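Chemist: Return atomic coordinates for the entry below.
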Amino acid sequence: MPDVAWLTQALIRLLDVTPGEEKDHFTGARKPGGVGRVFGGQVVGQALMAAARTVPEDRPAHSLHCYFMRPGSEDHEIDFAVEADMEGRAFSNRRVVARQQGKPIFNMIASFHRRERGPEHQSAMPQVPPPEDLRSLRELLATYDIPAGPALRAIATQPSPIEFRPVGPIQSGQLDEMRAPHAECWMRIGTGGPLGVGQPLQRALLAFMSDLFLLGTAYRPHGLQIAGPGVISASIDHSLWLHNDVECGDWLLYATDSPFAGDGRGFARGHFFARDGRLLASVAQEGLMRLREPG
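Modeler: Coordinates of the predicted model:
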């Protein structure tokens, strides 16, 4: 497996878009060695970086709302066109359209807010074991004969700068066929400690991670898994609210739940917490959950 520090820098470079040939256009690089579809979190992270490049540095992103229109291809770079829809005293609003070969594949509206003082409250972090007391997903799949689907197995076995330490019965090698629609997992990028990048990239990295495991929560009570036999899955829309500064090199708890699935779609929510209990971000996503017709 490649060195984790090298993989970490590769992910940072992947999300850090470069200026395009036209004004307010930016180019999202192809993932080295990537084949097939572009991971949705990559498109979200690159789009957020493109938008952030057009906003004053004192206005961090606080929300974004995205729609996936066509699957992106790893065979081509992505062009991100940014429109400055509003520049107010405290808020900046940006609209981003991602295209490949002239066709739109994704769009996003993002809002950026100058820091202000105001009332404060937040939900409490779930009570879970610390990451030091848990084994990584890679170790668990190597130790136990867990019936993991293709997507989960790929996340656990392919080279990645992200380490996952899931909470729950999986730590004992158990994966019930029918499970409640909620889950918790510790995540971090790198080997621990600050990544040495600013908040625009930190928030883009969090956006990348926010697309991991989320829709899978909606499959849990049905005994199904993303990319498993008999199902067709795809992200339809994705929203992210950023509440606090984030350091993705530290352990983050991603707590997800799914309140609804029906009509061939599933809805899932997530919350990222820092180790000290601060709520860093909230996520919501609707995705396709289509049962494959026989034959």
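
Chemist: residue ranges of the strands in the chain, please?
Modeler: Using DSSP state E, the strands found in the chain span residues 18-19, 25-28, 61-68, 78-87, 91-100, 103-113, 162-166, 182-189, 231-242, 252-262, 265-274, 279-291.

Chemist: Of all those strands, which one is nearest Glu120?
Modeler: strand 279-291 (10.5 Å; Cβ to Cβ). (C-beta placed from N, C-alpha, C; glycine too.)

Chemist: hmm, back to that, dump the strands of the chain to CSV, plus mean pLDDT.
Modeler: As requested, those are exported to CSV (pLDDT from 0 to 100):
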stretch, mean pLDDT
strand 18-19, 96
strand 25-28, 97
strand 61-68, 98
strand 78-87, 97
strand 91-100, 98
strand 103-113, 97
strand 162-166, 95
strand 182-189, 96
strand 231-242, 94
strand 252-262, 97
strand 265-274, 97
strand 279-291, 96
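
Chemist: With adjacent residues omitted, what lies nearest to Ser73?
Modeler: Nearest residue to Ser73 in three dimensions, chain neighbours excluded: Gln100, at 6.1 Å (Cβ to Cβ, 6 or more residues apart in numbering).

Chemist: and the one you found, what does it touch?
Modeler: The contact partners of Gln100, by Cβ atoms under 8 Å, 6 or more residues apart in numbering, come to 72-73, 76-79.

Chemist: So in terms of bridging, what pairs with it?
Modeler: Counting by DSSP bridges, Gln100 is bridged to Lys103.

Chemist: on that earlier part again, including distance to Gly216, could the strands of the chain go into CSV?
Modeler: Converted to CSV, the strands of the chain look like this (distance: least, Cβ to Cβ, whole Å):
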stretch, distance to Gly216
strand 18-19, 32
strand 25-28, 25
strand 61-68, 16
strand 78-87, 25
strand 91-100, 24
strand 103-113, 21
strand 162-166, 11
strand 182-189, 8
strand 231-242, 9
strand 252-262, 8
strand 265-274, 8
strand 279-291, 9
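
Chemist: got JSON lines for the contacts of Gln100, with distance to Pro130 too?
Modeler: What follows is the contacts of Gln100, written out as JSON lines (distance: Cβ to Cβ, whole Å):
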{"residue": "Gly72", "distance to Pro130": "37"}
{"residue": "Ser73", "distance to Pro130": "40"}
{"residue": "His76", "distance to Pro130": "42"}
{"residue": "Glu77", "distance to Pro130": "40"}
{"residue": "Ile78", "distance to Pro130": "38"}
{"residue": "Asp79", "distance to Pro130": "43"}
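
Chemist: of those residues, closest to His182?
Modeler: Closest to His182, out of all of the contacts of Gln100 and judged by Cβ to Cβ, is Gly72, at 29.5 Å.

Chemist: now the closest one, nearest residue through space, not along the chain?
Modeler: Using Cβ to Cβ, 6+ apart, the closest residue to Gly72 is Val38 (3.4 Å).

Chemist: again, but for Leu205
Modeler: Cys248 (4.4 Å).

Chemist: hang on, isn't the one you found packed against Gly193?
Modeler: No. Cys248 lies out of contact with Gly193 (Cβ atoms under 8 Å); the separation is 10.9 Å.

Chemist: and the two? which has more neighbours close in?
Modeler: Taking other Cβ atoms under 10 Å, Cys248 and Gly193 do not tie; Cys248 has more neighbours (28 against 10).

Chemist: any idea of the pLDDT on Glu77?
Modeler: Per-residue confidence (pLDDT) for Glu77: 95.

Chemist: That one: what's it in contact with?
Modeler: 27-30, 100.

Chemist: most neighbours, which of those residues?
Modeler: Neighbour-wise, these (other Cβ under 10 Å) top out at Gly28, 27 neighbours.

Chemist: ok now do that one, which residues does it touch?
Modeler: So Gly28 contacts 17, 42-43, 46-47, 50, 77-80, 98 (Cβ under 8 Å, 6+ apart).

Chemist: I'd like the distance from it to Gln46, if you could.
Modeler: With distances taken as Cβ to Cβ, to the nearest Å, Gly28 is found 4 Å from Gln46.

Chemist: list residues touching both of these two?
Modeler: Contacts common to Gly28 and Gln46, judged by Cβ under 8 Å, 6+ apart, are 17, 78, 80, 98.
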